[in-house]
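> turn this into a model:
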Amino acid sequence: MNLKFRCLPELHGHIPEPVEAAEALPDWLELMPATVQSEVLGGELVHTFRQLPSIMNSFSAGIMFKLPCDLGVKDGEFFWNWSKPVSPRVQLTRSPLGFYAPEQATGMPLGVSSGDFILKFNNFWSIEAPSGTSLVFTHPLNREDLPFRTLSGIVDCDQAKGDFVHFPAIWKDTAFEGTLAAGTPIAQAFAFKRKPVALDCGPMNDEEFTACLEVQSQIL
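Okay, here's the model as predicted:
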C-alpha cells in the first residue's frame, strides 16, 4: 500500500518526515533484558516483555509522526523557539502546539481536571491514501514513558487530499519540566481498508481443538 505525505514547499527539509515506526524505536527498548530474576517467584528466571512478540511488534508497526521542533515545559507553561519558513500562499499555523477549550471535551471521561485545556500537536504533513483506505491515529503504542497521551481517531485519508490531520493529546505528567526534543514520536498511524467485517463466533470443532492443543504444547 502506498501512502503519500506532502508538506508545504517552504517546509521541506525543515521538519522531520513521517517514518515507518521501526525507524523510531525508543532507546530503552534495545537495553531491555530478555530475562530477569523474579522476587515474587523466589528468584526464578522469567522472560521479560522483550520476549513477547505481540508487544515487540507494536513498536515497529505502522507510521510514526514526530514533533517538529524542541518543546520546552516549565512552571506549567509550554514554549518553543522555532523560526520555520512561512508560506505566503497558504494560511497555516506556525505553532507546533495548539489547544482545545476544556468545554470541547465535555462528557468525555478523559481523566483531566475541570478547566484543563486539551493539547493539539500540529501536523504539517498532508496524507493521501488509496481509495477506500482510512488511517487510525493513536498514541505511540506502549510508550508510557512519554509525558502526554495522544487521543485516538480515524480519518478517511482517501477523501481528505491536501488536508492536515492534527493530534489531540492529554498532558498527563504535570510534574514534568524540561524539553521534548524535536523528533519525539507524537502519533502512530495504521492504514486499513474500509471493508465490512463478518464475525463467526462459536465452539471449536475437533480439528480446531486439536490445533489449539498443539499450539499450547509448543508454548508451554
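> shaky segments in the protein?
Within the chain, the ranges that satisfy pLDDT under 70 run 220.
> which elements pack onto the helix ranked longest in it?
Ranked by residue count under DSSP state H, the longest helix found in the chain is helix 206-219. When contacts are defined as 3 or more CB pairs under 8 Å, 6 or more residues apart in numbering; DSSP states H and E, helix 206-219 packs onto no helix or strand at all. (Each C-beta comes from the backbone N, C-alpha and C, glycine too.)
> could you shift the numbering so residue one becomes 684, and keep it that way?
I'll keep to 684 as the first residue from here, and by that count the last item is helix 889-902.
> alpha carbons of it, as CSV, please.
Taking Å, rounded to 0.1, in the frame of the first residue of the first chain, the C-alpha atoms of helix 889-902 are listed here in CSV:
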residue,chain,number,x,y,z
ASP,A,889,-12.4,-31.3,16.6
GLU,A,890,-9.9,-30.0,14.1
GLU,A,891,-9.7,-26.6,15.7
PHE,A,892,-9.4,-28.0,19.2
THR,A,893,-6.6,-30.3,18.1
ALA,A,894,-4.7,-27.3,16.6
CYS,A,895,-5.2,-25.4,19.8
LEU,A,896,-3.7,-28.2,21.9
GLU,A,897,-0.7,-28.4,19.6
VAL,A,898,-0.1,-24.7,19.9
GLN,A,899,-0.4,-24.7,23.6
SER,A,900,2.0,-27.6,24.0
GLN,A,901,4.6,-25.7,21.9
ILE,A,902,4.1,-22.5,24.1
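> name the residues of the longest strand anywhere in the chain that are buried.
Identified as the longest strand of the chain according to DSSP state E is strand 868-876. For strand 868-876, burial by neighbour count (16 or more other CB atoms under 10 Å) applies to 868-872, 874.
> also stretch 769-776?
By neighbour count with 16+ other CB under 10 Å, stretch 769-776 contains no buried residues.
> any idea how far apart the tips of it sit?
The first residue of stretch 769-776 is 9 Å away from its last residue (CA to CA, to the nearest Å).
> gap between F804 and L780?
7 Å (CB to CB, to the nearest Å).
> settle it for me: which of those two has more neighbours?
More crowded of F804 and L780, by other CB atoms under 10 Å: F804, with 21 against 18.
> my guess is the more buried one contacts V848, does it?
No. Taking contacts as CB atoms under 8 Å, F804 lies outside contact range of V848: 10.4 Å.
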